[in-house]
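Colleague: Got a sequence here, can you build the structure:
(one chain, ligands or ions: 1)
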Amino acid sequence: MLSYSNRRMGAEWRAALWAARHPGLVLTPGVLSASAVEFGPVPTGVFLGAAAAGVGAWYRAHPDSFDVVAAPRLRALRRRWLSRYAGRRWRDVLLDCELAPMHRKTGLPRVPRVVRVRSFSPSVDTVFVRLVSGQTVRQWEAKAEELAVALNAERVGVEKVKPQVLGVIVQRRESFTEVIDAPEMPWDADAVDLGAVYLGETEYGQDWCEPLAGQHWFGSGATGAGKGSLVWSALRSVAPLIRDGLVRLWVLDPKRMELVKSERIAHRYAAEPDDCLAVVEEFVADLEATERRLAAEGRRKFAVSRETPLNLLVLDELGSLLGWGDHARAMRKLLSYVGTQGRATGHSMLGFVQEPTKDVVPVRDLFTVRMCLRVTSAGHVDMTLGDGARLRGALADEIPNDPATAGIGYVLRQKSRLPMRVRASYVDDSEIDELVEFVSTGRLGGLRVVA
Ligand SMILES: Nc1ncnc2c1ncn2[C@@H]1O[C@H](COP(=O)(O)OP(=O)(O)OP(=O)(O)O)[C@@H](O)[C@H]1O
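Modeller: The predicted structure follows:
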């Protein structure tokens, strides 16, 4: 708005405006004071204590719903008012970062207002800020490093929300400072749960598990982001099932690098374009045969058995597989078919890309479990995890290109669909050899496993 006067709005009007914007903060103490006067301080205290006890009981009784519903709100409330997103501290942060331009006439700083704070995970806050006129999103992006220092945060990302409003995504700390050990291989096939396959750890310090049976996985990550550890962690977690023929691997490894050691344990392995296409055609033929078998038996869904194993089509470099001139169209058609039909027959895809861009867009939406490791562009985050994921805290493009951060990324939590920072466990060469030995010979650490 143009301003003609060199005077500020009066303090009483500013206070009234503030109260109108934050009715909860004004009404709550007002209602409590009125209650204390009306009913006495003891009943009011009892009521407050009962409310606090209720919240505590919820916290202990049902962590799943509390963590999704209450925790983000309580955390956001605390951080909104008790950390650096309010009052003088917010003003000082913006002054230090030169993001509060001076008013030409009054000579006072025009401080961009915090509209809302959301805290979807313990380590990340999203601060919605209304820009003052003359500011651009680019100016804020350019000050991301200064903002991180001023907010005492690990890193900061900026995302446009709508005209004049941007989201400042503040990663407060790094949850993962150590490499996570490769999963132990269970001896017994019964010990494997295909509904929760161990891949690493979450920022909550819990096991990071993803469902595999009846799902298609999509993982993106720039070169060196650690995509290999996703595959090898999953394979170690389900190793006894591969050994027993209950999980079959069909591996396409166009780079002949990452997955070359899987050749010995794969049902099919291909690296050359013609061979890759042939393997996918055979995979689809197997899928159709299973469909016929299930139809003949009057079943609609497969159950893992030696007759109907879980088939995993591992696609390293999905982008290049779909980009091969002559084969691209055929490959896309076949993978789309697997994407829509394979979940019921036990034919799943595990696709990995460096850039989740247009080439892979047509099949990307068929994948049901998405993982985003370090990527090179902010746009790749939403392309992988879905619209709005970065704004809700998935700062995968801000993960430094440093081997010390390999394997770190984001997934969406299954129930809430909120981003969660995770780290894949690291499977080194000797552990891959151990897996191959275990699956192909049934030996583990010199001991032979009796299936
Ligand atoms: N989960 C992990 N934890 C710690 N370090 C890891 C992890 N995964 C990989 N690394 C380290 O990062 C390096 C690169 O990993 P990797 O080759 O899996 O990346 P990538 O995403 O597959 O890259 P490219 O697309 O180029 O093949 C590894 O050699 C290893 O040193």
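Colleague: gap between Leu412 and Val369?
Modeller: 9 Å (C-beta to C-beta, to the nearest Å). In this view, the C-beta of every residue, glycine as well, is placed from N, C-alpha and C.
Colleague: lowest confidence element among the helices and strands of this protein?
Modeller: Between all helices and strands in the chain, the lowest mean by mean pLDDT, DSSP states H and E belongs to strand 447-448, at a mean of 47.
Colleague: What segments of the stretch 101-250 of the chain are strands?
Modeller: 113-121, 124-130, 155-162, 165-171, 197-202, 207-210, 217-220, 247-252 (DSSP state E, counting those that start in this stretch).
Colleague: Tabulate those strands (a markdown table), appending mean neighbour count, mean pLDDT and distance to Tyr426.
Modeller: Output for the strands of the stretch 101-250 of the chain, formatted as a markdown table (neighbours: other C-beta atoms under 10 Å; pLDDT from 0 to 100; distance: least, C-beta to C-beta, whole Å):
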| stretch | mean neighbour count | mean pLDDT | distance to Tyr426 |
| --- | --- | --- | --- |
| strand 113-121 | 19 | 88 | 23 |
| strand 124-130 | 23 | 91 | 23 |
| strand 155-162 | 19 | 86 | 22 |
| strand 165-171 | 23 | 90 | 22 |
| strand 197-202 | 23 | 95 | 9 |
| strand 207-210 | 18 | 94 | 13 |
| strand 217-220 | 26 | 95 | 15 |
| strand 247-252 | 24 | 95 | 20 |
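Colleague: which parts of the protein sit against the ligand?
Modeller: Proximity of the chain to the ligand (C-beta under 6 Å from any ligand atom) is limited to residues 179, 221, 223-229, 258, 354, 403, 406-407, 424, 426.
Colleague: Got a quick PyMOL command for the buried subset of the residues you listed?
Modeller: Buried residues among those (16 or more other C-beta atoms under 10 Å), as a PyMOL selection:
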select buried, resi 221+225+226+227+228+229+258+354+406+407+424+426
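Colleague: Okay, and which of the residues of the chain next to the ligand map to helices?
Modeller: Within the residues of the chain next to the ligand, residues falling in helices by DSSP state H are Lys227, Gly228, Ser229.
Colleague: Contacts only, for the first one.
Modeller: Lys227 sits next to Gly219, Ser220, Gly221, Glu258, Asp316, Phe352, Leu373 when contact means C-beta atoms under 8 Å, 6 or more residues apart in numbering.
Colleague: With respect to pLDDT, which of those residues ranks lowest?
Modeller: Among the contacts of Lys227, Glu258 carries the lowest pLDDT, at 79.
Colleague: contacting residues for that one?
Modeller: Applying C-beta under 8 Å, 6+ apart, the residues contacting Glu258 are Lys227, Gly228, Val231, Asp316.
Colleague: Also Leu315?
Modeller: Applying C-beta under 8 Å, 6+ apart, we find Leu315 in contact with Leu252, Leu321, Leu335, Met349, Leu350, Gly351, Phe352.
Colleague: Swap in 6 Å and give it another go.
Modeller: By C-beta atoms under 6 Å, 6 or more residues apart in numbering, the contact list for Leu315 reads Leu252, Leu321, Gly351.
Colleague: Can you mark which positions in the helix or strand where the second one lies are buried?
Modeller: Using DSSP states H and E, the secondary-structure element containing Leu321 is helix 318-323. Within helix 318-323, the residues scored as buried using 16+ other C-beta under 10 Å are Leu318, Gly319, Ser320, Leu321, Leu322.
Colleague: same question, stretch 234-241
Modeller: Residues of stretch 234-241 classed as buried: Ala234, Leu235, Arg236, Ser237, Val238, Ala239, Pro240, Leu241 (neighbour count, 16+ other C-beta under 10 Å).
Colleague: Now the terminal residues of it, how far apart.
Modeller: Terminal residues of stretch 234-241 are spaced 12 Å apart (C-alpha to C-alpha, to the nearest Å).
Colleague: Could you check how far that stretch is from the centre of its chain?
Modeller: Put simply, stretch 234-241 sits 23 Å off its chain's centre (C-alpha atoms, centre = their mean, to the nearest Å).
Colleague: So for Val115, what's the nearest residue that isn't a sequence neighbour?
Modeller: Take Val115 and drop its neighbours on the chain: the residue closest to it by C-beta to C-beta, 6 or more residues apart in numbering is Phe128, 4.4 Å away.
Colleague: residue contacts, the one you found?
Modeller: Going by C-beta under 6 Å, 6+ apart, Phe128 touches Val115, Arg116, Val165, Gly167.
Colleague: Could you point out the bridge partners of it in the sheet?
Modeller: Counting by DSSP bridges, Phe128 is bridged to Arg116, Gly167.
Colleague: For it, give its distance to the ligand.
Modeller: The gap separating Phe128 from the ligand is 33 Å, by C-beta to the nearest ligand atom, to the nearest Å.
Colleague: Check Ser237 too.
Modeller: Counting by C-beta to the nearest ligand atom, the gap from Ser237 to the ligand is 14 Å.
Colleague: ok, that residue - contacts?
Modeller: Applying C-beta under 6 Å, 6+ apart to Ser237 gives the contacts Pro183, Val197, Tyr198.
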